[in-house]
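Asks: okay, sequence plus prediction incoming.
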Amino acid sequence: MATQKITLAKGLNMGLRKAMEDDPKVLVMGEDVGRLGGVFRITDGLQKDFGEDRVIDSPLAESGIVGTAVGMAMRGYRPVVEIQFDGFVYPAYDQIVCQVAKIHFRSKGNTKMPMVIRIPFGGGIGAVEHHSESPEAQFAHTPGLKVVACSNPVDGYWMLQQAIASDDPVIFLEPKRQYHADKAELDDSIAPEPLFTSRVVKAGTDLTLLAYGPTVKTAMKAAEAAATEGKSIEVIDLRTLSPLDMGPVLDSVRRTGRAVITHEAHVNLGMGAEVAARITEQCFYNLEAPVLRVGGFDTPYPPSRIEEDYLPDLDRVLDAVDRSLEF
Amino acid sequence: MSQAEFGPDLVEVFGPSQQDGGPELVQLLTPEGERVHHAEFDMDFSAEELRGFYRDMVLTRRIDTEATALQRHGELGIWAQLLGQEAAQIGAGRALRPQDYVFPTYREHGVAWCRGVDPLDLLGLFRGVDHGRWNPADNNFGQYTIVIGAQVLHATGYAMGMQRDGVVGTGDPERDAAVIAHFGDGASSQGDVNEGFIFAASYNAPVVFFCQNNQWAISEPIERQTRIPLYQRALGFGFPGVRVDGNDVLATYAVTKAALQRAREGQGPTLIEAYTYRMGAHTTTDDPTRYRLSADVEHWKLKDPIARVEAYLKRNGLVDDGFLDTVKVEADELGVRLREGCKALPDPDPHAIFDFVYDEIPAELAEQRDAFAAYHAGFEEAH
């Protein structure tokens, strides 16, 4: 494959295709993933090329999708399940938390559960209720699951293949707002970083700004805006939420002494709380300011006409950056 | 509103509600031990097969009795009793071929027995030393599932995997395989069970849904779960359903064998409602005297699954005292082994709780494990 410019949707599609080519045990299953190619077209063309036995259009029942995928994984398959929207994962919550997460533990490793559950997450697309949520903390709080969030087309391509190759179940979060937004250059001759690693995406010296999924783009804009005022912000894309890869984060905070984390999910008991606690435990004497969190408010997701007020945007992130720097 | 707007009423479609199995109950051996015949599911049994069923049921009952006693002695935290359901489980278990796969609830001790799972391995879960120590791959017998009905979806998915592996409908009896999903009348109300029915029907998956209707979901009677006989629900999902006398091991065997064969041949799912009765409590923590009449229990005692086989065997001269004594001795030996084996089951190493959370343990969990070990080691040094 030559180098090419792709969207996140394309990167995920290409990643799925590659995984299916590489391993005949990889199956794709979900609502509308076959002929339609998924409501976001992430599975576009796969059923045509791999057949109905490997790209399975399912009845409209999320618990049924995940529960039958458990059975297929027990039979030796590697199901990649699509949950159509974040807010529709809850009917499958019992299967994910009580079965997918625990079967390896329950069976002392006799039964592996190599499943990927893809969830388009986050808001900003003007959708109706239940289509803009950020449920990552619910899964990151569940031992036995691994949780990752991609933020860009190249990561989408690689991280999805890596998640499929993992013998552990992975909740794979895709920032739906980014699906068709920006293009990036993919050169698949460049080997990817390991899946469960965070990454410094912009170096800086004054403050560490942490983000994942859809807020990485916001964080980058905030860093650019701050730079015009002479403030040097280091941006880290966490990429993996469970396990967390705190190494690059702690290294950064030890240098900057300040950290702000931003996510679309509610702040209360969100990923930011865990990251802040770990920074405090590990970098207490390096900190010049308390770790600040910028996220969705502790309300249900609002009607879409006011979602931009709810979502952590450039100004709210910069406000937190200023508060940290002025502390 | 007139009835006509909604079509025929339930009684017209399904017949009058039956409290005792009803006329559609498939039966090959009456409670009195009389061999009867059935137009669709009749089959011949050798004396050896009949004696085998008898032995299986006696030993299964002994496992149950011993485990109940072990709980009373504080050796098990809890036990889910199967008393009265021996025929349903042995009939279903013996109908399987080695290549078939079983998804049990937490009460399938008789099916486990048929699959060759060591009964001592069942006790570990109830003693609290593990979550089920047997490897499902050894006997094609899945782990006990405690969340009601969750395993029915796993069974359906596993059956879909079999379809993709090309082990359905090939005509090769050594190759063709099916799945059996066990659940109870309470589980029939769960969404996962109903979704399992829908997925299995949609993909024509080779799965037999085996519902032991033991009339009680802890304290909730069957009338709280359904307004129609459970087996008739299958019609609405698009596959056949049959009600079998779950206290009749012959009928249960015959019906399950036919349904499994149908699945192996690629003809899709079947719902079997094994009509039985939970003679004991839901578990050893339950007190059924609070919610049901002893007269009902006495009524079902007359339908005991073991007594009717014993009566038939004796009446027809198919057993002698030597055989019955041998089985009794075998049961006693099994009891001793379970009592001694249970008490000898070691507690797990607390440090091992980290070992199988993941296939590949993350660094942060390994750190937690190591810190826990160091914390413990600190106490040892202090002594």
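Replies: That came through, no problem.

Asks: look at B:Glu360 and say how many residues are nearby.
Replies: Residue crowding around B:Glu360 was assessed by other C-beta atoms under 10 Å in any protein chain shown; the count is 9. From N, CA and C alone the C-beta is placed, and that goes for glycine too.

Asks: give me the pLDDT value at the residue lying closest to it once chain neighbours are set aside.
Replies: Distance criterion C-beta to C-beta, 6 or more residues apart in numbering or on different chains; nearest residue to B:Glu360, sequence neighbours excluded, is A:Asp168 at 6.1 Å. A:Asp168 is assigned 98 on the pLDDT scale.

Asks: contact partners for residue 209?
Replies: The chain I'm using is chain A. Counting by C-beta atoms under 8 Å, 6 or more residues apart in numbering or on different chains, A:Leu209 touches A:219, A:222-223, A:233-236, A:259-262, A:317, A:321.

Asks: actually chain B
Replies: Residues in contact with B:Phe209, defined by C-beta under 8 Å, 6+ apart, are B:Val152, B:Ala181, B:Phe183, B:Val193, B:Gly196, B:Phe197, B:Ala200, B:Ala234, B:Pro269, B:Thr270, B:Leu271, B:Ile272.

Asks: which of the residues you listed are close to chain A?
Replies: Restricting the contacts of B:Phe209 to those touching chain A (C-beta under 8 Å from any C-beta of the partner chain) yields B:Val152, B:Gly196.

Asks: any chance of the contacts of B:Phe209 in JSON lines, plus neighbour count?
Replies: Formatted as JSON lines, these follow (neighbours: other C-beta atoms under 10 Å in any protein chain shown):
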{"residue": "B:Val152", "neighbour count": "34"}
{"residue": "B:Ala181", "neighbour count": "33"}
{"residue": "B:Phe183", "neighbour count": "28"}
{"residue": "B:Val193", "neighbour count": "25"}
{"residue": "B:Gly196", "neighbour count": "36"}
{"residue": "B:Phe197", "neighbour count": "26"}
{"residue": "B:Ala200", "neighbour count": "33"}
{"residue": "B:Ala234", "neighbour count": "21"}
{"residue": "B:Pro269", "neighbour count": "31"}
{"residue": "B:Thr270", "neighbour count": "27"}
{"residue": "B:Leu271", "neighbour count": "26"}
{"residue": "B:Ile272", "neighbour count": "30"}
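
Asks: and B:Ile198, helix, strand or coil?
Replies: helix (DSSP: H, G, I helix; E, B strand; the rest coil).

Asks: state the distance from it to B:Gln212.
Replies: Separation of B:Ile198 from B:Gln212 (C-beta to C-beta, to the nearest Å): 21 Å.

Asks: who's more crowded, these two?
Replies: B:Gln212 (28 against 18).

Asks: check which helix or strand covers the more buried one.
Replies: Counting by DSSP states H and E, the element that carries B:Gln212 is strand B:207-213.

Asks: got the domain ranges for chain A?
Replies: Annotated domains of chain A cover A:4-186, A:199-326 [automatic domain parsing].

Asks: how long is the first one end to end?
Replies: This means domain A:4-186. 5 Å (C-alpha to C-alpha, to the nearest Å).

Asks: can you give the distance from that domain to the centre of its chain?
Replies: Domain A:4-186 sits 11 Å away from the centroid of its parent chain (C-alpha atoms, centre = their mean, to the nearest Å).

Asks: tell me, how many residues neighbour the residue lying closest to B:Val193 once chain neighbours are set aside?
Replies: Nearest non-adjacent residue to B:Val193, counting by C-beta to C-beta, 6+ apart: B:Gly149, 4.3 Å away. Residues lying near B:Gly149 (other C-beta under 10 Å) number 25.

Asks: what values do phi and psi take at B:Gly149?
Replies: Main-chain torsions, B:Gly149, degrees, to the nearest 10: phi 90, psi -10.

Asks: where's it relative to B:His282, distance?
Replies: Where B:His282 is concerned, B:Gly149 sits at a distance of 16 Å (C-beta to C-beta).

Asks: convert the C-alpha atoms of the helix or strand B:Val336 falls within to CSV, please.
Replies: Taking DSSP H and E as the definition, B:Val336 sits inside helix B:321-344. Extracted C-alpha coordinates of helix B:321-344, given in CSV (Å, rounded to 0.1, in the frame of the first residue of the first chain):
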residue,chain,number,x,y,z
ASP,B,321,-30.6,-57.4,44.2
GLY,B,322,-27.0,-57.6,43.3
PHE,B,323,-27.2,-54.7,40.8
LEU,B,324,-29.2,-52.6,43.2
ASP,B,325,-26.7,-53.3,46.0
THR,B,326,-23.8,-52.5,43.7
VAL,B,327,-25.3,-49.1,42.8
LYS,B,328,-25.9,-48.4,46.5
VAL,B,329,-22.3,-49.3,47.4
GLU,B,330,-21.1,-47.1,44.5
ALA,B,331,-23.2,-44.2,45.8
ASP,B,332,-21.9,-44.7,49.3
GLU,B,333,-18.3,-44.6,48.0
LEU,B,334,-19.1,-41.5,46.0
GLY,B,335,-20.5,-39.9,49.1
VAL,B,336,-17.3,-40.6,51.1
ARG,B,337,-15.1,-39.3,48.3
LEU,B,338,-17.1,-36.1,48.1
ARG,B,339,-17.1,-35.6,51.9
GLU,B,340,-13.4,-36.1,52.3
GLY,B,341,-12.5,-34.5,49.0
CYS,B,342,-14.5,-31.3,49.8
LYS,B,343,-12.9,-30.8,53.1
ALA,B,344,-9.5,-31.3,51.5
